[in-house]
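K.L.:
take this sequence and fold it.
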Amino acid sequence: MLTITSDDKGTYYIKTQQEIELVKKQLQKLKPNSQTSSFLQNQYNQLSDQLKSLEDKLQNVNQAFYDQLISNFDNTVQKLPNVNDRNFQPQFYTNSQNNMYQQVQLPFIDQFLNVRTLPQVSVEPLGKSTLKPKGLHSVKSAIQFTRKFQSKKQSQQQLSKVDDLTLYKKGITELVNQGTIKKQDINTLLNQNNIAFRNQQANFFDFTDQYGSKIVQLESQSSQNIYKTDLKKNVIQTNTQNQSQQQVQENNKVNFNYQKKMSIQSKQKPKYVDAKEATSLSKEHERPISEQLQNLSTQAEYLIHVKNGLLQTDQLQYVQFQNRYYENWSKIEPILISLQKIAQSTSIQDCRILGSKVQKLSQEFDRSSVFTMAELLQCFENWEDLQKILKVPTLLYKSKDGKIQAANKISAYFRGYQARKNYYRLKIMVEKVVIIQRSMRVSLFRKKVQKQIIKNNNFMLERFKNRQNVFKEEWPYLKIQQRFEIHLNSFSFEEIKRLSMDKFPQRQNTQITRIFNLKDPLVHIIYIAPFDLPSELIDYFYKILNLGDISDCKNRLHFVWPENHNIFNNHMGLSQLLYYSPRALKRIKNLIRGQAAFIVPGVCSNDDIKISDILNIPIFSGIPQLHQYYSTKSGCKVLFDELQMPQPPTIRNIYDEKELINSLSVLIIKNPIINTWIIKVDDESQGRGIAWLEVQKMIKKIQPLEINQLAQLLTKKIKKKLHYAFPHLYGGYHEFIMSITNRGGIIEGAPLNRLSQIHSISYNFKIEPNGEISLLGSYEKIKTNEIQTIASVNPQSYLKINQEVLCHQIAQKLYSKGLIGYFTIDTIGYQQENNKQGFQIIGLDCFLNQYSSASIYFDFLMRGRLDVSTGSYYVEDTNRQANVRYSVYCPTIMNEGLDVLQYKTFFQLCRLESISFNLEKKIGSTFILVDSLQSGVISLMTVGINSPQVIKYMIDAIAFIQKNVGRGTEQIQINTRTDRVNMMSIHQKLKTMLKRLEGSEYKIQNSQYL
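P.N.:
Reported below is the predicted structural model:
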């Protein structure tokens, strides 16, 4: 059977009562107001009633428990320390029983009333001799109260003060709860070191003192501990005479006031004072103890003494300090122990601690349980002296065990040094091991991911090839039925190239002219824009389509743009943006559901394959890697060599500066008559990545030189003599060579003519999936500084060759290699010495470029026919006579001043300046909006009956823009890598061309079209 002692019962009762008080406080916070619902009020009332009922039951149980202890006193053990005789019986004495014995009462007797519970154990009787004779201080009673005995004989000895008996029978805990006793008055008694009774040797008075004046002995400070109560024993002693109580109070008061050291067992003579003086000193302690403690708690400062390195815990101010801050004592005590250790380690072992500083430091105990030495030293009264001692080793270890402490300190420092040394060595080794392990894990994981990516890409490529094969087989049936064309013009170049392209998003949108393929009634178009198009721009193109008699254009034309284009960088390709935009892909899926569809790409890449795999539709293209390879300067040379096409002297696949110098030296030696040599970066287009070198100005005599001598000469002079098509695109020779080193390059010789006399002519065509070839037209490039391409004239009229044969021959070779889609052949024409035209092929674009895309818009406006053999374009006038039409197209006219105009204002100014297009005569100027005017970019196309006329229209349109928004002469910042061309440069180049053409066979005359 499990038994519980009375002490445990009392502990459980107090804890339960504390929990009830806590619940009361929490419930008080939830007290409902007038706005609370009736349901919550009922719940609150029920909880209050239940809590009150529980508290009443607990008080009844505790009352019964204390009544049992009082009535069963004889069965309660009364153990006295240092007493082994078990034959003694406990007795309670009064004034009438025996004057030889008296009760000794503590000065703070009220503090001992908060006795929690009394242990209920078997009786072990003790005898009378445990009490000391009258006048001695051997046994000191801690509690005074009367009892009621079960027998009649014991009931006669009951005291007359019934009120006191009733008061004490209620229980000390209940008295505390009712407010009769304050917890502050009994805090010190909760210390486990307090002992209520002590048994010690009696101190007898000298025989001769009975004849002299009455004296009172002052006990030493060390004997004050005998007045403390041992709460674990909880020994109860009966009341003695009132006279003895007052005498003990006076003795203890004198002891606490004077704080004299006088041991009973020492051989020193006791110190005495007159009884009158002792009586006067004890009058102050006749006041209630609660009032004394209240006065002590208002003390300004508490000085806690440290002597011989030990805290004087029996000192009065220490007890006062403990009584005042008992609630925070669990935080103060560790600080005092730390301060004691500091005092023990210094030569000044007798010092005083400032209680206010300790209490202030304890408030930060929750923040940090570890305090610095500087914070602890502030608690000493002489902290400055201690601080100096702590800094001087010779003074720090002057205590009794100073040498031992110093030796321990030296040993600790040496062990710490060895430990730190080993730790740092181990730490470095562990760090290196961790790096090796982490790198190894990352490397293995990377290889695993790479293998998985390669595997997934191979599966994706197989699915792409299967779709392409089915697309080729079904194309004859597909092109004669309703179908969706998804136009995705993405510039999927390398990132370093995209970063140097000014207004990159607007350039990707210059091929918005693809939407005019709607002239085919079987075609539905989904145009993917690189950014969200303004509603005014969309309405503008819908109006043009309506003027072109395109029926139901709003249902056949859909504009889609990636919803995440603002999240990523502006130089990211459109295919990548679309791949990371699931909403746009979902919308495209919904539009093409159940319909035949395919993608018409720009510069094809692997991102287009991923998009086609998501949409599960084919691409109007071949394998992207083949398109990219044959679009390079070196790759197309391989194709032209197989076809034995006329080409200039060339060395390709150059990836080093030394290789470049040696190759150039070989070409110069083999072709001494060629003056100009052109160096091109392999994957550039539209005049980017081109530089040229004029040899004759640099080297006067070439033939006598050997290759090594020529290479040394070129190495010295090429840095200064090399000219660049886009000076701001490369910072100089070293950056240009770095581009060739990273991306490859070629060297080719230019014709003997000057660069201004060389015509750059291009032919564009389409290869369908079944191998059919369609010619789209031809154009001649307009260049500034002889290299930069800024515009085109359509169709070309310089070369008199059969372009159909040329395009078919190259197209068949491309189709045999698995390439389909849109292509452009770059050629040059020049006048030879025998007045014959020279012709050479220099490049190939295996994608639909912006000039080829403009031919779609030109064909939509003209509604004429193309002569595939000569490349001329004819339209029928009102008399049904065929007339040739020419056009000039400038894809990007940049002027930051355009942002000041709105669409409506811009077109009103165009009407006032007669910048317009005549639908009946099919001549004039038309603007192609690629973005809002605030972007500062616009495209322009002019149409006329001959080249001078269309150039003049272009000059007038550019002059109109300069007049209304500015001349467009923005300076390009230094160290800015860009291929931007100022509008002023375009204007000057067109004026130069017009002057050269005036007076020739193309001279403008007055006619019905002007």
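
K.L.:
the residue most central in space within the chain is in what secondary structure piece?
P.N.:
Compute the mean C-alpha point of the chain, and by Cα atoms, centre = their mean the closest residue is Ile567, 16.8 Å away. Per DSSP states H and E, Ile567 falls between elements, in no helix or strand.

K.L.:
over to it: give its phi and psi.
P.N.:
The phi and psi values for Ile567, taken as degrees, to the nearest 10, are phi -80, psi -40.

K.L.:
against Ser925, how distant is it?
P.N.:
Separation of Ile567 from Ser925 (Cβ to Cβ, to the nearest Å): 38 Å. Placement of C-beta: from N, CA and C, glycine included.

K.L.:
now Ser762: how far from Ile787?
P.N.:
Applying Cβ to Cβ, the value for Ser762 to Ile787 is 15 Å.

K.L.:
so between the two, which is more surrounded?
P.N.:
Taking neighbours as other Cβ atoms under 10 Å, Ser762 and Ile787 compare with Ser762 leading, 23 against 19.

K.L.:
over to the more buried one. Which of the three states is it?
P.N.:
Per DSSP: H, G, I helix; E, B strand; the rest coil, the local secondary structure of Ser762 is strand.

K.L.:
could you pull up the residues touching it?
P.N.:
By Cβ atoms under 8 Å, 6 or more residues apart in numbering, the contact set of Ser762 is 778-781, 792, 796, 824-827, 851.

K.L.:
any of those buried? List them.
P.N.:
Buried by 16 or more other Cβ atoms under 10 Å: 778-781, 792, 796, 824-827, 851, out of the contacts of Ser762.

K.L.:
for the stretch 601-750 of the chain, give me the ranges with low pLDDT.
P.N.:
Counting by pLDDT under 70, the stretch 601-750 of the chain has low-confidence residues at 700-705.

K.L.:
the helices in it, which residues?
P.N.:
606-615, 624-630, 633-643, 657-670, 695-698, 707-721, 733-743 (DSSP state H, counting those that start in this stretch).

K.L.:
for the stretch 801-950 of the chain, same thing?
P.N.:
Under DSSP H, counting those that start in this stretch, the stretch 801-950 of the chain gives helices at 803-816, 850-862, 903-912, 947-965.

K.L.:
quick one: closest of those to Gln41.
P.N.:
helix 903-912 (68.0 Å; Cβ to Cβ).

K.L.:
in that closest one, what's buried?
P.N.:
By 16+ other Cβ under 10 Å, the buried positions in helix 903-912 come out as 906, 909-910.

K.L.:
tell me the contacts of the residue nearest to Cys846 when sequence neighbours are not counted?
P.N.:
Sequence neighbours aside, His627 is the residue nearest to Cys846 in space, at 4.1 Å (criterion: Cβ to Cβ, 6 or more residues apart in numbering). Counting by Cβ under 8 Å, 6+ apart, His627 makes contact with 603-604, 621, 819, 821, 846-847.

K.L.:
for Ala711, state which of the residues you listed is nearest.
P.N.:
Of all the contacts of His627, the one with the least separation from Ala711 (Cβ to Cβ) is Cys846, at 35.2 Å.

K.L.:
surely the closest one is in contact with Gly821?
P.N.:
Yes: the criterion here is Cβ atoms under 8 Å, and Cys846 meets it with Gly821 at 7.2 Å.

K.L.:
residues shared between the contacts of those two?
P.N.:
Shared contacts of Cys846 and Gly821 (Cβ under 8 Å, 6+ apart): 604, 627.

K.L.:
what about Ile538, how many neighbours?
P.N.:
Ile538: 16 surrounding residues under other Cβ under 10 Å.

K.L.:
quick check: which element contains it?
P.N.:
For Ile538, the host element (DSSP H and E) is helix 535-547.

K.L.:
quick check: which ranges of the stretch 401-550 of the chain have low pLDDT?
P.N.:
Applying pLDDT under 70 to the stretch 401-550 of the chain flags no residue at all.

K.L.:
run through the helices of it in chain order.
P.N.:
402-478, 495-499, 504-508, 535-547.

K.L.:
of the ones you listed, which is nearest Glu21?
P.N.:
helix 402-478 (49.2 Å).

K.L.:
what helices and strands are in contact with that closest one?
P.N.:
On a contact count with 3 or more Cβ pairs under 8 Å, 6 or more residues apart in numbering; DSSP states H and E, helix 402-478 meets helix 606-615.

K.L.:
identify the residues contacting the closest residue to Gly744 other than its chain neighbours.
P.N.:
Computed as Cβ to Cβ, 6+ apart, the closest residue to Gly744 that is not its neighbour in sequence is Asp682, at 3.7 Å. Contacts here follow Cβ under 8 Å, 6+ apart; on that basis Asp682 touches 632-634, 740, 743-746.

K.L.:
next: Thr892.
P.N.:
For Thr892, the contacting residues are 503, 506-507, 510, 937, 939, 981, by Cβ under 8 Å, 6+ apart.

K.L.:
6 Å instead?
P.N.:
Neighbouring residues of Thr892 by Cβ atoms under 6 Å, 6 or more residues apart in numbering: Val937.

K.L.:
and the contacts of His627, which two are furthest apart?
P.N.:
Comparing all pairs in the contacts of His627 by Cβ to Cβ, the longest separation belongs to Val603 and Leu819, at 13.7 Å.

K.L.:
with neighbour numbers in mind, choose between those two.
P.N.:
Using other Cβ under 10 Å, the more surrounded residue of Val603 and Leu819 is Val603, with 25 against 20.

K.L.:
is it true that the more buried one touches Leu848?
P.N.:
No: counting by Cβ atoms under 6 Å, Val603 stays clear of Leu848, with 9.1 Å between them.

K.L.:
distance check, the residue nearest to Pro646 when sequence neighbours are not counted against Leu776.
P.N.:
Nearest in space to Pro646, with sequence neighbours left out and distances taken as Cβ to Cβ, 6+ apart, is Gln840 at 5.1 Å. Using Cβ to Cβ, we find Gln840 at a distance of 22 Å from Leu776.

K.L.:
cool, and Tyr542?
P.N.:
From Tyr542 to Leu776 the distance is 25 Å (Cβ to Cβ).

K.L.:
the two: who's more crowded?
P.N.:
Per other Cβ under 10 Å, whichever of Tyr542 and Leu776 has more neighbours is Leu776, with 21 against 15.

K.L.:
can you redo the buried ones among the contacts of Ser762 as TSV with distance to Thr650 and pLDDT?
P.N.:
TSV is the format used below for those (distance: Cβ to Cβ, whole Å; pLDDT from 0 to 100):
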residue	distance to Thr650	pLDDT
Ser778	23	92
Tyr779	24	93
Glu780	23	92
Lys781	20	92
Ser792	25	93
Gln796	23	88
Thr824	19	94
Ile825	16	94
Asp826	14	93
Thr827	14	93
Tyr851	24	92
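
K.L.:
closest to Leu336 among the residues you listed?
P.N.:
Taking Cβ to Cβ as the measure, Leu336 lies nearest Tyr851 of the buried ones among the contacts of Ser762, at 91.8 Å.

K.L.:
related to what we said a few turns ago, out of the helices of the stretch 401-550 of the chain, flag the one nearest Gln647.
P.N.:
Closest to Gln647 of the helices of the stretch 401-550 of the chain is helix 495-499 (Cβ to Cβ; 24.8 Å).

K.L.:
which parts of the closest one are buried?
P.N.:
By neighbour count with 16+ other Cβ under 10 Å, helix 495-499 contains the buried residues 497-498.

K.L.:
and Val888, what does it touch?
P.N.:
Counting by Cβ under 6 Å, 6+ apart, Val888 touches 791, 793, 942, 950-951, 954.

K.L.:
export those residues as JSON lines, with columns for neighbour count and distance to Asp931.
P.N.:
JSON lines is the format used below for the contacts of Val888 (neighbours: other Cβ atoms under 10 Å; distance: Cβ to Cβ, whole Å):
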{"residue": "Ala791", "neighbour count": "27", "distance to Asp931": "19"}
{"residue": "Val793", "neighbour count": "22", "distance to Asp931": "25"}
{"residue": "Thr942", "neighbour count": "25", "distance to Asp931": "21"}
{"residue": "Val950", "neighbour count": "24", "distance to Asp931": "25"}
{"residue": "Ile951", "neighbour count": "25", "distance to Asp931": "26"}
{"residue": "Met954", "neighbour count": "28", "distance to Asp931": "21"}
